[in-house]
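K.L.:
sequence and predicted structure below; questions after.
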Amino acid sequence: MTDKTARLMGETMTRGMTTDETINTALEFVRSHLGMEVAYLSEFIGDDLAFRAVSAPGLEQMISVGDTMPLDAVYCRHILAGRLPELIPDTKDEALCQDIDLTHAIPIRSHASIPIRRRDGSIYGMFCCLSRTARTDLNTRDLDVMRAFAAISAEQVNARLMVETEQSDIRTRIQDMLDTQEFDVVYQPIMDAQQKLPKGFEALCRFQSDPYRAPNLWFDEARLVGMQIALEVCVIERALQALNHLPASVYLSVNASPDTVASGVLADVFADWPTERVVLEVTEHTKATDDDALEKALQKLRFTGVRLAIDDAGAGYSGLQQIVRLLPDIIKLDISLTTRIDQDVVRRSLSAALVSFAREIGADIVAEGIETGDELLTLAGLGVPLAQGYFLGRPDSLDAAAAWFTPGQGENRA
């Protein structure tokens with residue numbers, strides 16, 4: 001097999017495979033092609049070698065993923081320094097091999113090893129094969145095949161290292177945000193469509209960063225590194241403080257992902273607040289990992305007085321599934337339904353159906369994304385009691401939210 005053929009096979013092999021699957025398949029192929037008993041990918045950690053992937057059928061007791069050995073006990077440093085060749089058909093022909101205890105302990109009679117390098121040129125580890133029998137038929141063409149599959153493995157290793165570096169940077173960034181809490185919470189009014197006076201406010205987060213990064217990017221990244229719950233709770237705890245500054249008749253709506261709700265942490269977060277004034281909006285941007293845990297957590301929260309709102313109603317089938325399954329206290333009509341609803345009979349018909357459904361289950365309706373007076377009038381005519389959008393009020397500071405209830409201020413803003 002030529003080096004070019006090996007590379008083409010390797011490129012075909014990697015399609016649709018994960019990093020681990022690709023490396024394991026490369027090891028198995030090379031081990032079989034060379035007629036060896038063991039193949040492995042190692043990583044150098046200080047003065048030790050750690051096995052990161054292993055193909056050794058029947059010899060698992062001798063070598064397994066996660067095992068380590070001192071680098072001084074193996075061939076690697078000698079190969080890198082040129083004291084041993086990359087391909088050793090018979091270790092009895094190499095005097096240095098005979099001086100290494102491991103050669104006799106296993107024993108090792110044939111050996112092949114290719115360095116795996118990081119993108120900066122530094123050594124990551126080795127792509128190795130060995131056997132307890134001599135393989136005097138091995139030649140440079142076999143070594144070329146091994147190099148081709150080692151190169152494929154190196155690409156996979158470097159891709160994983162890049163992801164790990166990016167995730168480490170994300171974890172640092174999120175932890176810094178948790179430590180410094182350099183974010184603002186703004187409050188968008190949820191208005192009585194007739195009186196044009198806030199019945200509640202939705203708390204929204206704005207992160208302080210240079211350059212500016214949208215909130216969804218922060219939460220998406222936090223989810224990638226397992227810090228989503230911590231970040232959402234941090235924001236919710238800040239947002240809840242608004243309840244101390246708004247009239248007792250006004251509620252506060254906070255957003256949480258399904259997994260944050262399912263974790264059960266929000267029961268403690270809400271415990272010290274008047275839960276009858278708290279509305280929990282379960283975002284539909286990510287699906288729950290555990291639907292049963294989500295429903296149990298919601299049942300517990302609703303028992304304490306927290307009301308449940310489902311966001312993005314009408315935006316898709318999954319949103320309707322959530323409504324049917326969870327029977328929320330508040331259904332929020334998505335902006336895709338409310339935009340130009342005064343000009344679109346289909347949007348009006350769908351909204352009317354949801355309004356009727358809400359009445360049947362005893363839920364309130366909030367229309368999101370209202371940007372014109374005609375949209376507001378049309379929705380009010382359909383029986384939608386509450387509305388939210390730039391036409392009625394943009395997200396603003398807590399002081400601005402409280403000002404709605406200061407005599408003379410609310411009238412000027414409506």
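P.N.:
That came through, no problem. Numbering: from 1, shown residues only.

K.L.:
quick one: name whatever helix or strand follows the lowest-mean-pLDDT helix or strand in the chain.
P.N.:
Lowest on mean pLDDT, DSSP states H and E among the helices and strands of the chain sits helix 3-14, with a mean of 49. Per DSSP states H and E, the first helix or strand lying C-terminal to helix 3-14 is helix 19-34.

K.L.:
buried set for that next one?
P.N.:
For helix 19-34, a neighbour-count test (16 or more other C-beta atoms under 10 Å) marks 19, 22, 23, 24, 25, 26, 27, 29, 30, 31, 33, 34 as buried. Backbone N, C-alpha and C define where each C-beta goes, glycine included.

K.L.:
I'd guess residue 240 is in a strand, am I close?
P.N.:
No. Applying DSSP: H, G, I helix; E, B strand; the rest coil, one finds residue 240 to be helix, outside a strand.

K.L.:
so how far is residue 281 from the residue nearest to it when sequence neighbours are not counted?
P.N.:
Nearest non-adjacent residue to residue 240, counting by C-beta to C-beta, 6 or more residues apart in numbering: residue 273, 5.4 Å away. For residue 273, the distance to residue 281 equals 16 Å [C-beta to C-beta, to the nearest Å].

K.L.:
neighbour count winner among those two?
P.N.:
Using other C-beta atoms under 10 Å, the more surrounded residue of residue 273 and residue 281 is residue 281, with 21 against 17.

K.L.:
the more buried one contacts residue 251, doesn't it?
P.N.:
No. Here residue 281 does not reach residue 251: they are 11.5 Å apart, not a contact under C-beta atoms under 8 Å.

K.L.:
which stretches in the stretch 201-350 of the chain count as strands?
P.N.:
Along the stretch 201-350 of the chain, counting by DSSP state E, counting those that start in this stretch, strands occupy 251-256, 278-282, 307-313, 330-333.

K.L.:
show me the contact partners of the longest one.
P.N.:
So that's strand 307-313. 251, 253, 255, 278-284, 298, 301-302, 319-320, 322-323, 326, 328-334, 337, 354, 366, 368 (C-beta atoms under 8 Å, 6 or more residues apart in numbering).

K.L.:
got it, and stretch 357-375?
P.N.:
190, 193, 309, 311, 323, 327-335, 337-342, 351, 354-355, 376, 379, 383-392.

K.L.:
just the buried members of the contacts of strand 307-313?
P.N.:
For these, buried by 16+ other C-beta under 10 Å: 251, 253, 255, 278-284, 298, 301-302, 319, 322-323, 326, 328-334, 337, 354, 366, 368.

K.L.:
circling back: would a markdown table of the strands of the stretch 201-350 of the chain with distance to residue 72 be doable?
P.N.:
Formatted as a markdown table, those follow (distance: least, C-beta to C-beta, whole Å):
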| stretch | distance to residue 72 |
| --- | --- |
| strand 251-256 | 53 |
| strand 278-282 | 57 |
| strand 307-313 | 60 |
| strand 330-333 | 65 |
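
K.L.:
just put the buried residues of helix 19-34 in a markdown table and tack on distance to residue 52 and pLDDT.
P.N.:
Formatted as a markdown table, these follow (distance: C-beta to C-beta, whole Å; pLDDT from 0 to 100):
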| residue | distance to residue 52 | pLDDT |
| --- | --- | --- |
| 19 | 10 | 88 |
| 22 | 13 | 94 |
| 23 | 8 | 95 |
| 24 | 10 | 95 |
| 25 | 15 | 95 |
| 26 | 12 | 95 |
| 27 | 10 | 96 |
| 29 | 17 | 95 |
| 30 | 15 | 96 |
| 31 | 15 | 95 |
| 33 | 21 | 93 |
| 34 | 20 | 95 |
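
K.L.:
before we move on, back to that, which of the contacts of stretch 357-375 are buried?
P.N.:
190, 193, 309, 311, 323, 328-335, 337-339, 341-342, 351, 354-355, 376, 379, 384-389, 391-392.

K.L.:
circling back to that earlier point, in helices, which of the contacts of stretch 357-375 fall?
P.N.:
In helices, defined here by DSSP state H, the members of the contacts of stretch 357-375 are 323, 335, 337, 338, 351, 354, 355, 376, 379.

K.L.:
from these, pick the one nearest residue 158.
P.N.:
residue 335 (42.3 Å; C-beta to C-beta).

K.L.:
contacts only, for that closest one.
P.N.:
368, 369, 389.

K.L.:
isn't there a strand covering the second one?
P.N.:
It refers to residue 369. No. When three-state DSSP is applied, residue 369 is found to be coil, with no strand at that position.

K.L.:
chain neighbours aside, what residue packs nearest to it?
P.N.:
Nearest to residue 369 is residue 335, by C-beta to C-beta, 6+ apart, at 2.9 Å.

K.L.:
distance check, that neighbour against residue 247.
P.N.:
For residue 335, the distance to residue 247 (C-beta to C-beta) stands at 28 Å.
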